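Colleague: Show me how the following folds:
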Amino acid sequence: MTYKTILLILQKYLLVKNSFRSSKYNRLHIMSILRHSKIRVSGIDNSVELCDGNFKRVKIGIDGNNNKITIKKDTYIRNLEIIMQGSNHTLCIGQRTEIGGATIVCCGENSRILIGDDCLLASNIDIKSCDGHSIYKNNEVINNSKDIIINNNVWIAQHVNILKGVTIGNNSVIGINSLLTSNIFESNVVIAGVPAKVIKRNITWGKERTL
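Modeller: Numbering: from 1, shown residues only. As a prediction, the model looks like this:
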């Protein structure tokens, strides 16, 4: 039995009461050590799957039914808070993605936030598929939740806000302090501003340091 296997067993059976809280009608599948982290799941038919990665200071809260959170393998996650309220939401973070600090919010009904493989998110990033509170007209909600899709190999700089209805293409860069509102952005571009727009095209980027 490896040292990591022992730690996973201790995490599952000794820390669950303090750090991981879920009713029997939900599924927690945690394959990685979570340091200084908490998971709370309330409702039924919810699923949290955290594959083998590097996690520290992760906070997950689910209030609702039939919601799913998946973080794939080989991720490096720090200072991440996930808030999921309502039903039928999906959040997926792809392989080898790195997050330095983000708040991700799904609320309302039937929304997806998909973050692709090999993405790099800096710190103080907000990603929200909803407005936070309902707006009514003739007793009907007029500001429903919408999907957010961030494709593969996207670099998001500090203090970026991504709101509902946004799609970001592959190999793109989001500039610091940008605000992205409902829009579909093409691949291989630099996006920046308030509200954000494409400022450069036909670019690529890499994780190596600037010379």
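
Colleague: Report the residue spans of the protein with pLDDT below the cut-off.
Modeller: Filtered on pLDDT under 70, the chain yields the residue ranges 1-19, 210-211.

Colleague: who touches the spatially most central residue of the chain in this structure?
Modeller: Closest residue to the average C-alpha location of the chain: residue 104 at 5.0 Å, with Cα atoms, centre = their mean. When contacts are counted by Cβ atoms under 8 Å, 6 or more residues apart in numbering, residue 104 touches 80-83, 91, 113, 127-128. The C-beta positions use only the backbone N, C-alpha and C, and glycine is treated the same way.

Colleague: Quick check: the farthest pair among these?
Modeller: 80 and 128 (14.2 Å; Cβ to Cβ).

Colleague: hang on, isn't residue 196 packed against residue 179?
Modeller: Yes: Residue 196 lies in contact with residue 179 (Cβ atoms under 8 Å); the separation is 5.9 Å.

Colleague: Compare the two (neighbour count), which wins?
Modeller: residue 196 (23 against 15; other Cβ atoms under 10 Å).

Colleague: ok, the more buried one - contacts?
Modeller: Residue 196 touches 174-175, 178-181, 183, counting by Cβ under 8 Å, 6+ apart.

Colleague: quick one: the residue of the chain most remote from its centre from residue 130, how far?
Modeller: Here the chain reaches farthest from its C-alpha mean at residue 138, the gap being 33.4 Å by Cα atoms, centre = their mean. Distance, residue 138 to residue 130, by Cβ to Cβ, to the nearest Å: 21 Å.

Colleague: Check residue 205 too.
Modeller: 30 Å.

Colleague: more crowded one of those two?
Modeller: The residue with more neighbours, out of residue 205 and residue 130, is residue 130; 22 against 14, by other Cβ under 10 Å.

Colleague: Please look at the more buried one and residue 106 and confirm they touch.
Modeller: Yes: taking Cβ under 8 Å as the definition, residue 130 is a contact partner of residue 106 at 6.8 Å.
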